[in-house]
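Colleague: missing the sequence, but the structure's below:
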Ligand code: MN
């Protein structure tokens, strides 16, 4: 019989105070600036969480962030409420709404811009998003850019027993349901909703870096209490995680195999060396990331 053990909790972290990215994204950074977690969260590099916020209607302009570059990693935007329009210099464009995920592989480099979708901006409403930066291994940092528009309908879906709640599988697999995201390294991304008293058993290999963000409600994670806006980071020991909701809860579970390579970040570039960062800045200034109008 295969024996597994419970995963211990390494720490519970809070995000940095809310700041604005452009005039459309009201976010709390959990890492790398909110908490210096370094390689403990690899392959994840950045977590900007935009908790639910009501935007009033506007006709004046589009709220968001104008054209800017990225190289060496992927940006993953999860829409829970509200709607975002995206364009990039590789020619990709799309709108994501509740339940959708946009998985952009910047790799060798793109310019992109992200705005509240025009009709959402016009009517206003609740806006609830997450943006993650996912690192790429050295051998893929200079690949051609790629774009995955993952719709709510494509997500894996698991109904938990005993009316506990349900799981949407964005990447990886849960209880036989697979997520649609293509990833360069093994990653699990689960959007979990639990009813009050509901429970979910989870298990990930101990060498993966695993974390759980509580977006709504209050839970017990392997017996320890975690409340709304807590990020629970697990130790690299043991496998089993059992989450029980003390009240209706909304959770994001991230797990991934770490990339054991040097990380050098400068603004929107994430490479393996200072030299590669200088090259990225040189290429950006030389117009090699393409062109994108405001
Ligand atoms: Mn960006």
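Modeller: Yep, that arrived. Just so it is clear, the model here is predicted, and its values are computed rather than measured. Numbers count the residues shown, from 1 in each chain.
Colleague: count residues in the vicinity of the nearest residue to residue 250 once chain neighbours are set aside, would you?
Modeller: Distances taken as Cβ to Cβ, 6 or more residues apart in numbering place residue 216 nearest to residue 250, at 3.8 Å, with adjacent residues excluded. Every C-beta, even on glycine, is put in place using the N, C-alpha and C of the backbone. Residue 216 has 19 neighbours, counted by other Cβ atoms under 10 Å.
Colleague: surely residue 216 is in contact with residue 248?
Modeller: Yes: contact status for residue 216 versus residue 248: in contact at 7.0 Å, counting by Cβ atoms under 8 Å.
Colleague: gap between stretch 261-273 and the chain center?
Modeller: Computed by Cα atoms, centre = their mean, to the nearest Å, the separation of stretch 261-273 from the middle of its chain amounts to 18 Å.
Colleague: what do you get for stretch 15-35?
Modeller: Once both centres are worked out by Cα atoms, centre = their mean, stretch 15-35 turns out to sit 13 Å from its chain's centre.
Colleague: can you pull the buried residues of it?
Modeller: 15, 24-32, 34-35 (16 or more other Cβ atoms under 10 Å).
Colleague: for those residues, which one is nearest residue 179?
Modeller: Residue 179 has its nearest neighbour among the buried residues of stretch 15-35 in residue 30, at 21.5 Å by Cβ to Cβ.
Colleague: does that closest one count as helix, strand or coil?
Modeller: Recorded secondary structure, residue 30: strand (DSSP: H, G, I helix; E, B strand; the rest coil).
Colleague: ok, it touching residue 45?
Modeller: No: taking contacts as Cβ under 8 Å, residue 30 lies outside contact range of residue 45: 11.3 Å.
Colleague: check this protein for its longest helix and report it.
Modeller: In the chain, ranked by residue count with DSSP state H as the criterion, the top helix is helix 274-285.
Colleague: hang on, the earlier thing: just flag the most distant two among the buried residues of stretch 15-35.
Modeller: So, the buried residues of stretch 15-35 by Cβ to Cβ: farthest apart are 24 and 35, at 24.2 Å.
Colleague: okay, now the unreliable bits of the chain?
Modeller: Within the chain, the ranges that satisfy pLDDT under 70 run 1-3, 60.
Colleague: where exactly do the helices run in it?
Modeller: Going by DSSP H, the chain shows helices at 118-123, 274-285.
Colleague: any chance of these in a markdown table, plus distance to residue 142 and mean neighbour count?
Modeller: Shown next, in a markdown table, are these (distance: least, Cβ to Cβ, whole Å; neighbours: other Cβ atoms under 10 Å):
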| stretch | distance to residue 142 | mean neighbour count |
| --- | --- | --- |
| helix 118-123 | 34 | 16 |
| helix 274-285 | 9 | 15 |
